[in-house]
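# Have a look; sequence and predicted model below, questions after that.
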Amino acid sequence: PDVFLRATTARMFTFSADPTFNENRPDFQEELKSRLEPILGSEAVRRKAAKGIFGGDPPDWWSAEDQSDMAKMSKGRYASSSLDE
């Protein structure tokens with residue numbers, strides 16, 4: 001599970017069979033981000049969450065910094081795959 005704590009390591013690409021949900025996914029994701037902001041937006045709370053995930057002090061590689069910018073991808077990147085090469 002610790003791999004999912006690294007913004008540049010894990011990516012999830014999902015698709016819904018429900019076309020309505022799929023079309024509205026960006027709105028859903030924005031609402032989800034706004035609801036998680038009280039948790040993810042605070043370095044102190046991220047640190048507390050990491051302690052719970054790791055069962056104590058996080059490993060040395062872990063950082064409480066906001067990784068939102070590192071996790072962003074351009075829209076063009078979504079349309080390609082390393083399997084296409």
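Yep, that arrived.
# Give me the contact list for stretch 54-66.
By C-beta atoms under 8 Å, 6 or more residues apart in numbering, the residues outside stretch 54-66 that reach it are 2, 5, 40, 41, 43, 44, 46, 47, 50, 51. (C-beta placed from N, C-alpha, C; glycine too.)
# where does this structure dip in pLDDT?
Within the chain, the ranges that satisfy pLDDT under 70 run 1-2, 5, 7-8, 73-85.
# for it, what's the longest helix?
Counting by DSSP state H, the longest helix found in the chain is helix 25-40.
# which other helices and strands contact it?
Secondary-structure packing of helix 25-40 (3 or more C-beta pairs under 8 Å, 6 or more residues apart in numbering; DSSP states H and E): helix 43-54.
# Helix 25-40 and the helix it packs on, what's the angle between them?
Angle of helix 43-54 versus helix 25-40, following axes from the mean of the first three to the mean of the last three C-alpha atoms, to 10 degrees, is 90 degrees.
# Give me the distance from helix 43-54 to the chain's centre.
Helix 43-54 has its C-alpha centroid displaced from the chain centroid by 15 Å (C-alpha atoms, centre = their mean, to the nearest Å).
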